[in-house]
Every structure is written in C-alpha cells, then in structure tokens.
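S.K.: Give me coordinates for this.
(one chain, ligands or ions: 1)
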Amino acid sequence: MGTVQLKTEIPGPKGRSLAARREKSVVDGHASVSPIFAAKAEGATITDVDGNVFIDFAGGIGAMNSGHRHPAVVGEIDRQIHDYAHLCFTVTPYEPYVALAEKLNDITPGDFLKKTLLVNSGAEALENAVKVARYWTNRSSAIVFEHAFHGRSLMTMALTYKEMPYKHGFGPFPDVIQRLPYPFNRGKEALAQFDALLEEKGDEAFAAVIIELVAGEGGFMPVDKSFLAHVRKRCSEHNIVLIVDEVQTGFGRTGRMFASEVYNLEPDIICMAKSMSGGLPLSAVTGKAEMMDKVHAGGLGGTFGGNPVACRGAMAAIAVLEELEQSGRMAKLADKVTSRFCAIAEKSSFVKEARGLGAMYSLDICDDTFKKAPSKERAEKVLHNCLADGLLMILAGTGGNVIRTLMPLTISDGELEEGMSILEKNILVLS
Ligand SMILES: Cc1ncc(COP(=O)(O)O)c(C=O)c1O
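M.R.: Here you go, the predicted structure:
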C-alpha cells in the first residue's frame with residue numbers, strides 16, 4: 001500500500017468548516033495555496049483534519065528539510081522548553097544561542113573568522129545584513145537582481161522584484177536599489193551591465209550586492225558560475241559586501257549544505273532561515289567577523305531573536321542534515337530529483353524546461369504555442385489535480401507558472417517515487 005490515503009473529497013467536511021471560520025477571522029491578505037487544513041505532519045507526509053494523508057513536496061516552503069517532527073528535533077525542543085522558553089538574549093544570555101552561532105560560523109563556507117547574529121525570519125536576516133553592510137562601508141545602495149525574492153518587510157520589498165503580490169500598493173520603497181538582469185541564461189549580459197554600473201556610479205557607490213544562488217520564488221534558476229566568480233572578485237576589489245541569500249537554498253536543498261559550496265563561493269555574509277531550525281521561526285546572519293562586529297552594541301538584536309527553543313531545534317536539525325550529507329543520502333536524493341524532473345520534462349509537450357540545482361528542481365509550465373508562453377493556469381491545474389491525488393506541491397516564478405519541489409530531504413525512496421508518479425501522471429494527462 002502506498003503512503004497516500006484519501007478518505008474524503010478534498011477538502012473534506014472538517015476542512016470546509018474551518019475554511020468558513022477562517023474566512024471570517026483571518027485577513028484575506030494572508031492567502032493559502034491549498035484548501036486543506038493540517039492536523040498532523042510526520043516525516044514527508046501531512047494528514048489533514050479529515051484524515052487524508054498527503055505526500056509533502058512543499059515542506060512548509062522549504063523549511064522542513066530535516067522532516068516534520070524529526071524525533072531528534074522534537075527531543076531537543078522538548079528538553080529546552082522544560083528549562084526555559086524565553087529570556088531575551090539582550091537581557092539574559094544563554095548557551096543555545098552561543099552554541100548555534102559557533103556551529104554556523106563553523107559550517108558556513110569561508111575560511112576566515114566569522115560572527116553570527118540570530119533573528120526571527122528570512123526577511124529580518126536580510127534587513128540586518130543590509131544594516132551591517134551599510135555600517136561597514138558607510139555607503140547606502142545595493143545591487144540586486146530581477147526575479148529576486150528577499151522578503152516582505154519594507155527594505156526587503158525594495159530588494160524583491162515581483163510587483164504583484166509582494167510590492168503592489170505598499171510603496172514608496174527605499175530608493176537605494178540598482179537592479180540587474182538575473183544571471184541565468186543571461187550571464188554575459190548581466191556581467192556587462194554590472195561592470196557598466198560600477199563604471200557609471202563609481203567604486204564607492206555600493207554597500208552590497210545581494211543575490212540568491214538559485215532564484216527561489218523567482219523560478220528556480222541557478223546563477224551563472226562565471227558571473228558569480230566575477231562579482232566575487234569585483235566586490236573584494238571595491239569593498240562591496242557580497243551578501244548571499246541562502247534562505248531557501250541553504251541546509252541541503254541543492255545537494256550540499258549550502259549552495260555557496262556548489263559554486264565554490266565564499267560570501268562575505270550569508271543569510272539563513274527556513275530549514276535551519278526544524279520548523280521553528282529562526283534566522284541567522286553569519287559573516288566576516290570584522291564586518292559583523294563593526295556595529296555598535298545595541299545596534300542589532302530583538303526580543304525573540306535567537307529564541308532558545310528554536311536554537312536547540314536548529315542544532316538538532318543541522319545534525320540530522322549533516323548526517324544526510326555525510327552518508328551521501330543528500331547528494332543521492334539531489335540526483336534522483338534532478339533526473340526524475342528532467343525525464344518528466346522530456347515527455348511533456350508543455351514543459352518548457354526542467355531546471356534547478358540538486359533537490360531544488362522545477363518544471364517551467366507553458367502553453368502549447370511555438371513560442372511557449374508561461375501558463376500559470378495550466379500549472380495551477382496540475383497542482384490542483386496532484387492535490388486531489390494526494391500530493392502537495394507549490395508554484396514559483398515571476399509568471400507564477402513554475403512547479404517547484406521542496407520536499408523534506410528525509411523522504412523515503414518509496415514516498416519520493418509515489419509523489420513523482422503522481423506528478424508525472426498529472427503532467428502527462430494534460431500533455
Ligand atoms: C530566498 C529568500 N529570501 C528571503 C525570504 C524571506 O523569508 P521569510 O518569509 O522567513 O521572511 C524567502 C522566503 O521565501 C526566500 O525564499
């Protein structure tokens with residue numbers, strides 16, 4: 001018997017009743033992509049309130065690489081909550097914050113002395129990375145890219161590319177951003193524009209370059225290698241802080257612990273969140289010690305930043321992921337996901353391409369015309385049908401037409417195959 005178990009229509013009666021309550025109580029602005037309400041999640045599965053069991057290829061948008069309710073993570077969270085849940089590191093420091101900072105300084109790429117700040121969300125990590133870069137350089141502007149997604153706070157909305165739904169109606173934004181083409185298939189063009197921008201604005205104009213190594217929300221496009229090497233070199237020459245946003249790529253998603261390792265890149269600052277902490281809200285900014293330490297005492301921090309329960313969860317989640325990496329399972333899964341997605345793309349008339357890096361793979365869904373225009377409607381239909389068959393997936397892409405996968409990396413071979421078969425069936429049935 002497979003993992004998927006469907007007992008009711010989707011959503012079932014309890015799900016529909018919760019949806020009615022939600023409609024009256026929760027803001028419309030916080031939308032959800034699936035109509036089910038969760039009751040329990042375990043490993044790579046989600047059980048809804050009506051008892052239907054789904055395979056999870058969304059992982060809470062890439063936050064559950066270590067799997068739902070991993071016993072080691074649950075154990076550490078439980079242990080910590082019995083000691084203390086919150087003290088505020090600003091008031092009474094505690095060991096879990098220090099231990100996690102040591103761990104992140106150790107495992108992030110870069111053969112230099114590092115320091116770490118812990119905060120609450122991906123957006124907050126990016127906000128703080130920008131603060132550090134500004135302080136370090138005494139400059140204000142940043143270079144960012146088309147298709148970028150860095151968050152929903154005021155500064156990170158400015159860094160983010162897509163207008164609807166992320167920026168529409170929320171401006172004006174800080175006017176300190178220069179945007180370049182995202183260097184996927186356009187590496188040479190991006191490189192020429194990058195050099196021209198430095199030439200035009202001068203060496204002293206920019207505090208930071210901020211980049212995702214695989215554009216996440218933007219559509220799972222891996223960055224061009226030679227562009228990245230060039231930017232690394234020029235940032236070093238001009239004291240521009242190279243900030244790499246590993247919020248979605250980090251913690252094993254691309255086949256290595258960090259995508260920076262795949263690219264052999266040493267960023268000045270790395271932003272991390274999502275899968276770092278086994279499902280608890282926590283994020284980190286890890287960077288060169290001299291940059292991170294320049295900021296005056298009290299200039300960084302926050303009430304819940306580096307919450308001890310989340311830190312302990314993170315230590316356990318990272319250990320789970322390290323084990324997956326060392327055993328070769330992480331790389332094997334990355335290969336499997338890549339080859340399965342490429343095979344599906346080859347069989348379909350409306351998949352423009354399969355692309356990504358490791359287990360961060362996607363299908364670019366198009367219409368049937370010769371020009372192959374992005375088709376959000378068709379991508380949504382595939383997802384809808386997958387859910388009806390027991391597979392939860394989500395979309396990405398500036399055109400909203402990219403089917404992406406962010407399943408827990410602890411998924412079993414059987415669950416992976418079952419999920420892939422559901423996806424393949426629902427792609428081919430429309431092809
Ligand atoms: C690359 C990237 N950066 C930043 C963020 C923002 O993270 P958060 O939603 O935790 O603020 C996200 C969220 O999807 C992301 O994918």
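S.K.: Look at the residue of the stretch 101-250 of the chain at minimum distance from the ligand and say how many residues are nearby.
M.R.: The minimum distance from the stretch 101-250 of the chain to the ligand, using C-beta to the nearest ligand atom, falls at residue 122 (2.1 Å). To be clear about C-beta, it is placed using only N, CA and C from the backbone, and glycine gets the same treatment. If you count neighbours by other C-beta atoms under 10 Å, residue 122 ends up with 29.
S.K.: cool, and residue 200?
M.R.: Count around residue 200 with other C-beta under 10 Å applied: 9.
S.K.: Can you read off the pLDDT for the nearest residue to residue 15 once chain neighbours are set aside?
M.R.: Nearest non-adjacent residue to residue 15, counting by C-beta to C-beta, 6 or more residues apart in numbering: residue 37, 5.0 Å away. The score at residue 37 is 98. That number is its pLDDT.
S.K.: Contact partners for residue 37?
M.R.: Contacts for residue 37 were tallied using C-beta atoms under 8 Å, 6 or more residues apart in numbering; they are 11, 14-15, 18-19, 48-49.
S.K.: hang on, residue 287 packs against residue 131?
M.R.: No - applying C-beta atoms under 8 Å, one finds residue 287 not in contact with residue 131, separated by 11.5 Å.
S.K.: Between these two, point out the one with more neighbours.
M.R.: residue 287 (31 against 17).
S.K.: secondary structure class for the more buried one?
M.R.: Classification of residue 287 using DSSP: H, G, I helix; E, B strand; the rest coil returns strand.
S.K.: Equivalent analysis for residue 281, please.
M.R.: Residue 281 is classified as coil under three-state DSSP.
S.K.: Report how many residues lie close to the spatially closest residue to it that is not a sequence neighbour.
M.R.: Nearest non-adjacent residue to residue 281, counting by C-beta to C-beta, 6+ apart: residue 120, 5.3 Å away. By other C-beta under 10 Å, the residues close to residue 120 number 19.
S.K.: picking up where we left off before, can I get the contacts of residue 37 in a markdown table including pLDDT, distance to residue 398 and secondary structure?
M.R.: As requested, the contacts of residue 37 are exported to a markdown table (pLDDT from 0 to 100; distance: C-beta to C-beta, whole Å; DSSP: H, G, I helix; E, B strand; the rest coil):
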| residue | pLDDT | distance to residue 398 | secondary structure |
| --- | --- | --- | --- |
| 11 | 97 | 29 | coil |
| 14 | 98 | 36 | helix |
| 15 | 98 | 31 | helix |
| 18 | 98 | 32 | helix |
| 19 | 98 | 29 | helix |
| 48 | 98 | 30 | strand |
| 49 | 98 | 34 | coil |
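S.K.: So for residue 369, what pLDDT did the model give?
M.R.: Model confidence at residue 369, given as pLDDT, is 78.
S.K.: burial of it, as a residue count?
M.R.: Residue 369 has 9 nearby residues by other C-beta under 10 Å.
S.K.: go on, residue 343?
M.R.: 12.
S.K.: Please identify which helix or strand holds it.
M.R.: Assessed by DSSP states H and E, residue 343 sits inside helix 329-347.
S.K.: near the ligand, which residues of this protein show up?
M.R.: 61, 121-123, 126, 149-151, 212, 216-217, 245, 247-248, 273 (C-beta under 6 Å from any ligand atom).
S.K.: List just the nearest of those to residue 305.
M.R.: Taking C-beta to C-beta as the measure, residue 305 sits nearest to residue 121 out of these, at 9.9 Å.
S.K.: so the closest one touches residue 128, yeah?
M.R.: No - counting by C-beta under 8 Å, residue 121 stays clear of residue 128, with 10.6 Å between them.
S.K.: Helices along the stretch 151-300 of the chain, start to end?
M.R.: Remark: helices assigned in the stretch 151-300 of the chain by DSSP state H, counting those that start in this stretch are 154-159, 187-201, 225-238, 259-262, 289-292.
S.K.: Could you export these as a markdown table, including mean pLDDT and distance to residue 390?
M.R.: Shown next, in a markdown table, are those (pLDDT from 0 to 100; distance: least, C-beta to C-beta, whole Å):
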| stretch | mean pLDDT | distance to residue 390 |
| --- | --- | --- |
| helix 154-159 | 98 | 35 |
| helix 187-201 | 96 | 40 |
| helix 225-238 | 97 | 38 |
| helix 259-262 | 98 | 30 |
| helix 289-292 | 98 | 45 |
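S.K.: now the residue sitting nearest the centre point of the chain, nearest residue through space, not along the chain?
M.R.: The residue lying closest to the centre of the chain (C-alpha atoms, centre = their mean) is residue 248, at 1.6 Å. Nearest residue to residue 248, sequence neighbours excluded (C-beta to C-beta, 6+ apart): residue 216, at 3.6 Å.
S.K.: From residue 60, how far off is the one you found?
M.R.: Counting by C-beta to C-beta, to the nearest Å, the gap from residue 216 to residue 60 is 14 Å.
S.K.: per the record, what domains does the chain have?
M.R.: With domains defined by automatic domain parsing, the chain comprises 1-51, 71-325.
S.K.: The closest residue to residue 395 other than its chain neighbours: neighbour count?
M.R.: Once flanking residues are discounted, residue 395 sits nearest to residue 379: 5.6 Å by C-beta to C-beta, 6+ apart. Using other C-beta under 10 Å, the number of residues around residue 379 comes to 25.
S.K.: Is residue 379 in a helix, a strand, or coil?
M.R.: helix.
S.K.: Pull out the buried positions in stretch 424-431.
M.R.: For stretch 424-431, the buried set under the neighbour-count rule, 16 or more other C-beta atoms under 10 Å, comprises 424, 426-427.
S.K.: Make CSV from these and add pLDDT, distance to residue 386 and secondary structure to it.
M.R.: What follows is the buried residues of stretch 424-431, written out as CSV (pLDDT from 0 to 100; distance: C-beta to C-beta, whole Å; three-state DSSP):
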residue, pLDDT, distance to residue 386, secondary structure
424, 98, 10, helix
426, 98, 5, helix
427, 97, 9, helix
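S.K.: So for residue 204, what pLDDT did the model give?
M.R.: 87.
S.K.: Dihedrals phi and psi, whichever residue of the stretch 301-431 of the chain sits closest to the ligand?
M.R.: Nearest to the ligand, among the residues of the stretch 301-431 of the chain, is residue 396, at 9.1 Å (C-beta to the nearest ligand atom). When quoted as degrees, to the nearest 10, the phi and psi of residue 396 stand at phi -150, psi -170.
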